[in-house]
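Asker: here is my input; please provide its structure:
(chains A and B)
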Amino acid sequence: MRKTIRIAFVGQPNVGKSTLFNAITRGNAIVTNWPGTTVEKHEGHLNYRDYELVVIDLPGIYGLSYTTLEERISRRFIVEEKPDVVVVLVESLNLERTLYLAIEIRELVGNIVVAVTKVDEAHSRGIHINFDLIERRLNTSVVPVSALKRVGLDRLLDTVIRSVGMEKPLLKIDYGELEPFIDSIEHIVQGYSENLRYPTRWLAIKFLEGDAEVEDILRKALGNQYRELEEIREEAKRRIGIDLAAFISMKRFNYAREIVKNAIIKHRVVRKERIIDKIFFNPFTAPIISFSIIVAIFLAVFIVNTGYPISDILRNLGYSELGDIFEEYSLSSLVEKLFEYIGNVVVDTLGEGPLTSFIVNGVLGGLASVLIFIPLIAIAMAILGALEDSGVLTRIAIGTHLLFQRIGLSGHSLLPITLSLGCNVPGVMGSRASPNPLERIKLVILTPFIPCQARLVVLLAIATAIGGFAGAILVPLAYFVAFSVFIVLSYIASVVSKRRGVYEEAELLLELPPLHRPYARVVWWFTWFYLKHFLVKAGTVIFSVSIISWILLHISLSTEYTEDVGGSIAAQISRFLAPLLSPLGISGEKAWITMYAIIMGFLAKELVVSAIVTATNSTSFEEAFQKLGLSIPSAIAFTLFITLYIPCLATLATIYSESKSFKYVLLSVIVMISTAYLIALLSYLVALML
Amino acid sequence: MCMEIISLDMVREGSRVIVVEVGSYGWSRRLYQMGIVPGSKLEVVFNKGVGPVVVRVGDTEVSIGRGIAKKILVKVDSS
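Answerer: Got it, this is the predicted structure:
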């Protein structure tokens, strides 16, 4: 039996924590959520020498205060779950600030190992660090590492293993004038120490900082005597004269500064003329450059995927053959061809029949609808990874922040919104660009309102079928309505959360990571991680629902196989639900077909077109749409409904895998259906009056 | 020697300042943790009158939203 060692990774943002975590676990991580939150918990397992190492990656935090969710999670884990060793990551390029966290943790925990990251880069910049001195000042082992060059990884793990069970006395920083106050609080608290899981000195310091959780713990433990602590704190405030939390942070920084001053020899590197940053921080060029980058990415992703809009532009310029080639060799059409080919082989070997139809349309079709997203997600996530690793993403967020602030979002929303114009699936995944959990949930739920390419296809088909003035304005109208809904709901959501007091002001306080070329390996990890995540979580849902929908479409109520859509269970359901459409002026014998198209659109938005064509036994969509016999107002209402009504199956599956909560999936469906119905009804009534 | 105390958003690009007060509100803890405490020295890297103020503190640059910058009081570092 191997002995298990539990190791927690803690570090500030941008110190290279996930890079080191990936390098050590080689990408074998289990992802869950921290209990009761949407913050991800990454846990890696590996066998090393005679041990099984369990590495828990705690969220990136700047310190151990109680103000952010990430800090609360980390603090609770370190104290309550008692990992065998806490590895604190400190960045060699930014020693002073990142040591702050190590100092704070060293005041709380006796068994830590400090990993100094990015030492290769520090070396190339002429920074030399005396690791022994840091080791002495923190009284703990210090290991220099470089995750990208795979330097020092074994030494880090060996040091961790060696230090199991070797508790060292906690770090005591001299808080100067505050010391007598710390002493007297500690003196009182010591009487209750058996009920307290935290070290008493640490509790005393945190209490002076005004830490809400520590106040709570002490109030419960001390009862009436708690009042004495408050009096001591008031006295301390009077003596020190500034905010105690600021004073305590200052002292910790002095300690860090003292270490850095003696431990580092640095040749001052002159910063280059920062043209890129000048563009990003100029209020006029910032939004322009940010939008240009994002739009360029958007075009690149979708040209590769479907050939649109290059294919159409070429056709309009008279190079229709070239346009066709573009479309033919786009990724989605290649995937489609592959499955068509396999399907034909199956038909040739098995002959026509229920089983063949099940394999071709159910199983292969389900597989295809998962696979079709792979290139899309891979490209989008690789670009997101490169933007993030290079430090450009932070600058884009800052550059567009002013615009998004007005609708209660931050500059982090630009990417998910733009990606959603192509496909909501990478759009919802792109909400990860926001570090704020509340904003992320908002984006996850609201971005599906942004019309994707599939919906554009449907809109264009209906617009052509209607023709005339209504046809001409239909597409711009639908986009205008969709964006207005997005903006209004986002605004409402921020007002509501402000009222409930959970709203974090849409301000930005971000560290600016230095710009550098993205590392291929980091980008690959990022891409692979999300691709795997999508395949496992969303892929299973999409695949199983595709199978279920085949059954509903091909089995009649008397449980017999049927080729005629009109006799299937799906058609029966549509007939049952069709009366819901009568307020929109859609009623009569053909109304079920409209409902059927709406249901099919849930599986994939572009299916609305083919559903109407097959159910009306038509050869073209124009003919099919005429057969539905919708009036212009009804057609407009139907179009707007289709644009807004529900995230498609793949998007819903992604919403689930991103939020890991059925509640949010349900919320998304309810918000979208009710909004769509309301808007459709309103537009129908308005159009009737015109 | 001029010891005028102003808010960070009023500081001109390229100036060096010393933090006088961070203010006690939601963002202060995060600012402390990033090394922006009373007494710390900042260099204002970007300040365009609208949008965020970018400061260098130690070896890092931090972009501070204007709303937050308005509440940080500083004096010009004459050393």
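Asker: let me know the pLDDT of A:Glu505.
Answerer: Here the pLDDT value assigned to A:Glu505 is 59.
Asker: need the longest helix for chain B.
Answerer: Ranked by residue count under DSSP state H, the longest helix found in chain B is helix B:28-33.
Asker: and the strands in the chain?
Answerer: Let's take chain A. A:3-11, A:29-33, A:40-48, A:51-57, A:85-91, A:112-117, A:127-129, A:141-144, A:264-266, A:509-512 (DSSP state E).
Asker: looking at chain B here, not the other one
Answerer: B:5-7, B:16-21, B:41-46, B:53-57, B:60-64, B:73-76.
Asker: adding mean pLDDT and distance to chain A, write those out as JSON lines.
Answerer: All C-beta spots, glycine's among them, are computed from the backbone N, C-alpha and C. Shown next, in JSON lines, are the strands of chain B (pLDDT from 0 to 100; distance: least, CB to the nearest CB, whole Å):
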{"stretch": "strand B:5-7", "mean pLDDT": "93", "distance to chain A": "14"}
{"stretch": "strand B:16-21", "mean pLDDT": "93", "distance to chain A": "8"}
{"stretch": "strand B:41-46", "mean pLDDT": "92", "distance to chain A": "4"}
{"stretch": "strand B:53-57", "mean pLDDT": "92", "distance to chain A": "6"}
{"stretch": "strand B:60-64", "mean pLDDT": "90", "distance to chain A": "4"}
{"stretch": "strand B:73-76", "mean pLDDT": "92", "distance to chain A": "12"}
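Asker: before we move on, the earlier item: just the mean pLDDT for the longest helix of chain B, thanks.
Answerer: 86.
Asker: ditto for stretch A:289-297
Answerer: Mean predicted confidence for stretch A:289-297 is 84.
Asker: tell me the buried residues in that stretch?
Answerer: A:Ile289, A:Ser290, A:Phe291, A:Ile293, A:Ile294, A:Ile297 (16 or more other CB atoms under 10 Å in any protein chain shown).
Asker: which other helices and strands contact the longest helix seen in chain A?
Answerer: Ranked by number of residues, the top helix in chain A under DSSP H is helix A:468-499. Judged by 3 or more CB pairs under 8 Å, 6 or more residues apart in numbering or on different chains; DSSP states H and E, helix A:468-499 is in contact with helix A:437-446, helix A:453-466, helix A:632-644, helix A:662-689.
Asker: what is the burial count for A:Lys590?
Answerer: Using other CB atoms under 10 Å in any protein chain shown, A:Lys590 is surrounded by 15 other residues.
Asker: phi and psi next, for it.
Answerer: phi -90, psi 0 (degrees, to the nearest 10).
Asker: list the contacts for it?
Answerer: A:Thr616, A:Lys627, A:Leu628, A:Gly629 (CB atoms under 8 Å, 6 or more residues apart in numbering or on different chains).
Asker: can you get me a residue count around residue 20?
Answerer: Answering for chain A, as no chain was given. 26.
Asker: meant chain B, my bad for not saying
Answerer: Neighbours around B:Val20, by other CB under 10 Å: 17.
Asker: pretty sure it is touching B:Leu73, no?
Answerer: Yes: using CB atoms under 8 Å, B:Val20 makes contact with B:Leu73 at a distance of 4.5 Å.
Asker: find the residues that touch each one of those two.
Answerer: With contacts defined as CB under 8 Å, 6+ apart, the residues shared by B:Val20 and B:Leu73 are B:Ile5.
Asker: quick one: the residue nearest to the spatial centre of chain A and chain B, what's the gap?
Answerer: By CA atoms, centre = their mean, chain A has its centre lying nearest to A:Arg432, at 2.3 Å. Per CB to the nearest CB, to the nearest Å, A:Arg432 is found 20 Å from chain B.
Asker: before we move on, what about A:Thr562?
Answerer: 61 Å.
Asker: around chain B, which positions in the stretch 301-450 of chain A sit nearby?
Answerer: A:Thr394, A:Ile398, A:Gly399, A:His401, A:Leu402 (CB under 8 Å from any CB of the partner chain).
Asker: residue contacts, the fourth one?
Answerer: What that stands for is A:His401. A:Ser410, A:Gly411, A:Leu508, B:Gly51, B:Pro52, B:Gly65.
Asker: now the helices for the stretch 251-400 of chain A?
Answerer: Secondary structure of the stretch 251-400 of chain A (DSSP state H, counting those that start in this stretch): helices located at A:275-281, A:285-306, A:310-316, A:320-328, A:331-350, A:354-357, A:365-371, A:373-390, A:392-399.
Asker: which one of those helices is the most hemmed in?
Answerer: Mean neighbour count (mean count of other CB atoms under 10 Å in any protein chain shown) peaks for helix A:392-399 among the helices of the stretch 251-400 of chain A, with a mean of 24.
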